[in-house]
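Student: Please work out how this folds:
(chains A and B)
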Amino acid sequence: MSTYESATSRLGRLLTMVPWLLNRQGIDLASAAAELGVSEQQVVDDLQVLFVCGTPGHYPDDLIDAQWEDGRVYVSNADSIARPLRLGRDEALALIVALRALAATPGLAQSDAVDRALAKLEQAAGDAAEAAGHVSVDLEPTLPAELVAAVREALTERRRVHLRYHVASRDETTERDVDPLRVVSVDGRWYLEGWCHRAHGVRLFRLDRVEDLTVLDEPASPPVDLPERDLTRGAFLGSPDDLAVTLHLAPGSAWVAESFPVESVTELGEGRLEVRMRVGDPRWLHRLVRRQGGGVRVVAPQEVATEVARQARAALDADAPGPAGGAGLD
Amino acid sequence: MAKATSKGPSPAAAKTERLLNLVIALLSTRQPLSKARIREAVPAYSDNDEAFERMFERDKDELRALGIPLRTEPIDPFFDDEPGYRIDEREYALPELALEADELAVVGLASRSWSQASLAGPAAQALRKLEAAGVVRDEASVAGIEPLLHTSEPAFEPVRDAVLSRTPLRFDYRGGTGDLTQRHVRPWSLTSWHGRWYVTGHDLDRDAPRVFRLDRVSGVPRKAGRPGGYAVPQDHDALTMIRASSGDDAAAPGERARLLVREGAASSLRRGATTAEGTGAAAPEGWDVLDVQVRSLRALAEEVAAAGPDVRVVRPAELREQVRAILQAVVDAHEEQTR
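Tutor: Numbers count the residues shown, from 1 in each chain, chains lettered A, B, ... in the order given. As a prediction, the model looks like this:
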């Protein structure tokens, strides 16, 4: 373990590890380390602690027997700690909160399995389960269950899907075939990540923007060895090719700095912010700026600022009352 | 492997050893053990009486903090002058849950969802406890599903503790206008909505229910009272409060707006709209006439402004005025600097 581990938390880990190993006699050291989430050296160090511990008297027969010479791990004579310690408060909280969120996303996982697991855990956790009721995660439960179930079917059967998808940045609907890789929840929204045959690349599709999804007969055949993308910093992925822009945000539009991946934020005083960010599709930026009605101002590059003004002016002129433009229709 | 070690363990390892020996000793006894018996049973306890007392008191606290149910009972029910200690195996052990392979698979999914968050450690440990019995997870049923929960806000842990133990908090909070104020709150619930954590509770300064975003809490929240000092209202509905506070009110039946939309454009406005064909409304070549339910005039005006030259408002007049005002503000903001 790279970070410091207190004697108490190590004890907690050992009390979990012993029952786990007792039921996996002869597991190889590398697999044990991987599944226990520690290094092989740590497993050996832990086994070394175990075999100097035991019931009072501490004669050889009283001590825990731990062996790992041939790279396989055997543990025995540990009857008193053969059962895991019951779930701690945070342990119960983590599982119950996540399971309740999954239960509320219809179609995602076999719902009866979620319900059965939840019922067993809630009973085992007792008071901790009740306390967990005050912590909750909303995982977009409004998605149509049939859509989520179809995505899951495609993933488990490794089949290609056909999508009718709304691209928000351009505000248009597109059709494409996609080989699903995974469905991932980022920042409270579900995305389908897949190999897009139209773009010839890995793309993220927000499930609430999927207008229609058909599971095709063809097997999914995404390129092998695709690097897994790190979505821990959110679903927006900047690319070095993207256009670098500088924006000034009025206080009412300061949320933009928190909602999109910005490269830098500078306070300009009176709640105003200057942000630098990268934009993949200029049409996305135009829509954002127009929606904010002056709250977002493009400062650089100048061409983008000029184009934003030109398009907004064009929209106003087209809408001006009179015989030429105007929407005098009723 | 020989039972003798050539060099002594590090102090931290020695302490783990001592605690583990203590747990085993207390679990393997049916009769409560006196301190004297414990001192004999656990070799590492110091020979010095005073040092032993201090060490044992601390060890008891640490075991309890780990969730180990350490009992203090009279050794002899007829003489309660000396307490004894033991751990009841039935209280200690996780009940036999007999999780099926598919149940374990969804538990695994639940555990992994915290893998990037501050609860990652407890979530992984809980899964190992539940799968100790050796049932193999049926991973196929959850293939490719990855809920990723975040707890990157520094306030998460103290607020979670306060919510679970119902402890009042005080913290500095940055409001929507950017001003920093100290707030005193009885937290009711902690909720993640659209990827952000919110704490709801009773704001003691405002004497009213309030919603706070964790990423706007500045610094570390401090306890401002005893645990369990208040009750959460029975009818508390965190999600409804959060939605209302962020202006995401449920749809109210409103009037319908009529828009001209360039063919093929603005598909977000088209979703949920009805075409006005057959109502006698004729559209110019290359345009469609759409009728849209107005849920919020402001939100619709922003959506129309975002679409720019591809959408024009036919009615109502207030919508048209709002869109024009939004676009004019965009023009003003940008032409100012161009001049």
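Student: Which residue ranges make up the domains of the chain?
Tutor: Since no chain was named, I'll use chain A. Using automatic domain parsing, the domain ranges for chain A come out as A:7-81, A:89-132, A:145-219, A:243-319.
Student: Not quite, go with chain B.
Tutor: B:12-92, B:101-142, B:156-245, B:256-338.
Student: How many residues are close by the closest residue to chain B within the stretch 151-300 of chain A?
Tutor: Across the stretch 151-300 of chain A, the shortest distance to chain B (Cβ to the nearest Cβ) belongs to residue A:187, at 2.6 Å. Quick note: C-beta positions are derived from backbone N, CA and C, even for glycine. Each residue near residue A:187 was counted by other Cβ atoms under 10 Å in any protein chain shown, and the total is 18.
Student: what's the average pLDDT for stretch B:128-144?
Tutor: Mean pLDDT, stretch B:128-144: 83.
Student: Could you do stretch B:65-76 as well?
Tutor: Mean per-residue pLDDT for stretch B:65-76: 90.
Student: Likewise for stretch B:86-104?
Tutor: Confidence for stretch B:86-104, expressed as mean pLDDT, is 92.
Student: Can you give me the end-to-end span of it?
Tutor: 32 Å (Cα to Cα, to the nearest Å).
Student: which parts of that stretch are buried?
Tutor: Of the residues in stretch B:86-104, those with enough neighbours to count as buried (16 or more other Cβ atoms under 10 Å in any protein chain shown) are B:86-87, B:92-94, B:97, B:99, B:102-104.
Student: Next: stretch A:149-156.
Tutor: For stretch A:149-156, the neighbour count (16+ other Cβ under 10 Å) marks A:150-152, A:154-155 as buried.
Student: Tell me which residues touch residue B:46, please.
Tutor: For residue B:46, the contact set (Cβ atoms under 8 Å, 6 or more residues apart in numbering or on different chains) comprises B:52, B:55.
Student: Count the residues that sit near residue B:64.
Tutor: Residues near residue B:64, counting by other Cβ under 10 Å: 11.
Student: Which helix or strand contains it?
Tutor: Assessed by DSSP states H and E, residue B:64 sits inside helix B:49-65.
Student: just checking, what packs against that helix?
Tutor: Judged by 3 or more Cβ pairs under 8 Å, 6 or more residues apart in numbering or on different chains; DSSP states H and E, helix B:49-65 is in contact with helix A:7-22, helix B:11-27, helix B:35-41, strand B:70-76.
Student: Quick check: beta-bridge partners of residue B:262?
Tutor: Here residue B:262 sits in beta bridges with residue B:287, going by DSSP bridges.
Student: got a list of what it touches?
Tutor: The contact partners of residue B:262, taken as Cβ under 8 Å, 6+ apart, are B:286-288, B:309-311.
Student: Which PyMOL command selects the buried ones in those residues?
Tutor: A single PyMOL command suffices to select whichever of the contacts of residue B:262 are buried according to 16+ other Cβ under 10 Å:
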select buried, chain B and resi 287+288+309+310+311
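Student: could you dump the contacts of residue B:262 to JSON lines with pLDDT and distance to residue A:300?
Tutor: Below are the contacts of residue B:262 laid out as JSON lines (pLDDT from 0 to 100; distance: Cβ to Cβ, whole Å):
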{"residue": "B:286", "pLDDT": "83", "distance to residue A:300": "35"}
{"residue": "B:287", "pLDDT": "84", "distance to residue A:300": "35"}
{"residue": "B:288", "pLDDT": "85", "distance to residue A:300": "37"}
{"residue": "B:309", "pLDDT": "85", "distance to residue A:300": "24"}
{"residue": "B:310", "pLDDT": "86", "distance to residue A:300": "26"}
{"residue": "B:311", "pLDDT": "89", "distance to residue A:300": "28"}
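Student: between the contacts of residue B:262, which is closest to residue A:174?
Tutor: Using Cβ to Cβ, residue B:310 comes nearest to residue A:174 of the contacts of residue B:262, at 16.7 Å.
Student: Mind checking which of the buried residues of stretch A:149-156 are in helices?
Tutor: A:150-152, A:154-155 (DSSP state H).
Student: ok so, going back, what subset of the buried residues of stretch B:86-104 is also close to chain A?
Tutor: Restricting these to those touching chain A (Cβ under 8 Å from any Cβ of the partner chain) yields B:92-94, B:97, B:99, B:102-104.
Student: Looking at these, which one is closest to residue B:16?
Tutor: Of these, the one sitting nearest to residue B:16 (Cβ to Cβ) turns out to be residue B:92, at 17.9 Å.
Student: hmm, back to that, helices - which of the ones next to chain A among the buried residues of stretch B:86-104 land there?
Tutor: Cross-referencing these against helices under DSSP H gives B:92, B:102-104.
Student: now, which of those residues sits nearest residue B:171?
Tutor: For these, the minimum distance to residue B:171 (Cβ to Cβ) is 37.1 Å, reached by residue B:92.
Student: Is the closest one in contact with residue A:82, as I believe?
Tutor: No - with contact defined as Cβ atoms under 8 Å, residue B:92 does not count as touching residue A:82 (11.1 Å).
Student: Out of the helices and strands in chain B, which is least certain?
Tutor: None of the helices or strands of chain B scores lower by mean pLDDT, DSSP states H and E than strand B:274-275, at a mean of 70.
Student: Run through the residues of the stretch 151-300 of chain A sitting next to chain B.
Tutor: A:152, A:155-156, A:166, A:168, A:171-173, A:180-189, A:211, A:231-232, A:234, A:251, A:254, A:258, A:271, A:286-295, A:297-299.
Student: helix or strand right after the longest strand along chain A?
Tutor: For chain A, the strand reaching the highest residue count under DSSP state E is reported as strand A:172-186. Going down the chain from strand A:172-186, the next helix or strand is strand A:189-196, by DSSP H and E.
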